[in-house]
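*Asks:* no FASTA, just this:
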């Protein structure tokens, strides 16, 4: 057993990031300035899009995107239940109704559930690229297009992900990324919106800084002016140059980070493939997997422990884990405000009961990964429900007692 605790996740910050932040501090540009512009240009080039708008969180990115599409009271926005609360919270902030729907067994937004949910008040669909693998984007975009509904992608997990030969970020009207401390790349806190829609991008940029007229951040430079105008009431969502200083170098490391995540995922895949008590993360065709998360499921009836007990057993062996996510419909606000019930979400409910995420991040060593493997296998071995032998039509079979 490990002698020290392995955290669920840690960021990787190099000397280049530290030097760039120090340069920002010395320059006097602490808020939005030239490094934000540089980061935006770099990210747009990486994602293969015309516009990238840096903001202070993915929550801000989602909020601005929907606000720029004039989502408001009386409107409905479709979101999956298996996501972080921010995906739906921003809809409520705008006075609209989050129309929460079920997912497929691959954890991604169910296209069939979306089809059933679309109605006359549906004004946007927000699919989530869960765990760092793209959802069924082609089907969702086609369905949305047939109804004239815009798609705003929640790509909080998906920086660096590909879909059908193109980077996530280049498909929907607006695509929202997170650079939170434990994401694929980080600016501490921060986010980005990408878009190929010139008009929408201009409005999102306006909304990101109080609705102030173009280049308002330049008013303290020699090229700037004290005069500005508020075009419409916006938000205080701009990214700082200190954050962008991190992002410039994190973006350069992103593909290497993803390669390391894939190496750790391969260790887990090989180690757990023979365990019927562990369901591995699904892989979908036509896209890569960045493995922001490595979610496993504990199928019902295979272990004597429930998910919470399994997590505690790993913690006792110095392995940190997490759960992604408590489905939206289970939270009191959504349950009480909108009347959502577990029976409305049978697939998400089945997934959630045994869902947990194992550590996977670039700072992990191979030994760290093997320590996780050893702990998981030990807990499974100690809590496995014994198989029983029985005859079926004259054939001796092995099975799990709970399944008989």
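*Replies:* Looks like it came in fine. Worth saying up front: this structure is predicted, and the values here are computed from it rather than measured. Numbering: from 1, shown residues only.

*Asks:* Only C-alpha atoms from now on, for both contacts and neighbour counts.
*Replies:* Noted.

*Asks:* and residue 106, what does it touch?
*Replies:* 281, 282 (Cα atoms under 8 Å, 6 or more residues apart in numbering).

*Asks:* what sits opposite residue 103 in the beta ladder?
*Replies:* Applying DSSP bridges to residue 103 yields these beta-bridge partners: residue 109.

*Asks:* can I assume residue 242 is in contact with residue 26?
*Replies:* No. Counting by Cα atoms under 8 Å, residue 242 sits too far from residue 26 to count as a contact (10.7 Å).

*Asks:* higher neighbour count, those two?
*Replies:* residue 242 (24 against 10; other Cα atoms under 10 Å).

*Asks:* got the buried residues for stretch 16-29?
*Replies:* 17, 20, 21, 24 (16 or more other Cα atoms under 10 Å).

*Asks:* quick one: that stretch to chain centroid distance?
*Replies:* Relative to the centre of its chain, stretch 16-29 is centred 28 Å away, using Cα atoms, centre = their mean, to the nearest Å.

*Asks:* Show the residue spans covered by the strands in the stretch 201-350 of the chain.
*Replies:* Shown for the stretch 201-350 of the chain, the strands assigned by DSSP state E, counting those that start in this stretch span residues 294-297.

*Asks:* same deal with the stretch 1-150 of the chain?
*Replies:* 51-55, 76-80, 97-101, 122-125.

*Asks:* who does the second one pair up with?
*Replies:* Spelled out, it's strand 76-80. Going by DSSP bridges, the partners of strand 76-80 are strand 97-101 (parallel), strand 122-125 (parallel).

*Asks:* Quick check: the gap between residue 77 and residue 67.
*Replies:* 12 Å (Cα to Cα, to the nearest Å).

*Asks:* Just give the number of residues close to residue 111.
*Replies:* For residue 111, using other Cα under 10 Å, the count is 21.

*Asks:* Contacts only, for it.
*Replies:* 136, 139, 140.

*Asks:* got a pLDDT number for the first one?
*Replies:* In other words, residue 136. Predicted confidence (pLDDT) for residue 136: 97.

*Asks:* Count the neighbours of it for me.
*Replies:* Residue 136: 20 neighbours (other Cα under 10 Å).

*Asks:* and the strands of the stretch 1-150 of the chain as TSV, adding mean neighbour count, distance to residue 114 and mean pLDDT?
*Replies:* Output for the strands of the stretch 1-150 of the chain, formatted as TSV (neighbours: other Cα atoms under 10 Å; distance: least, Cα to Cα, whole Å; pLDDT from 0 to 100):
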stretch	mean neighbour count	distance to residue 114	mean pLDDT
strand 51-55	28	28	98
strand 76-80	26	7	98
strand 97-101	24	7	98
strand 122-125	24	8	98
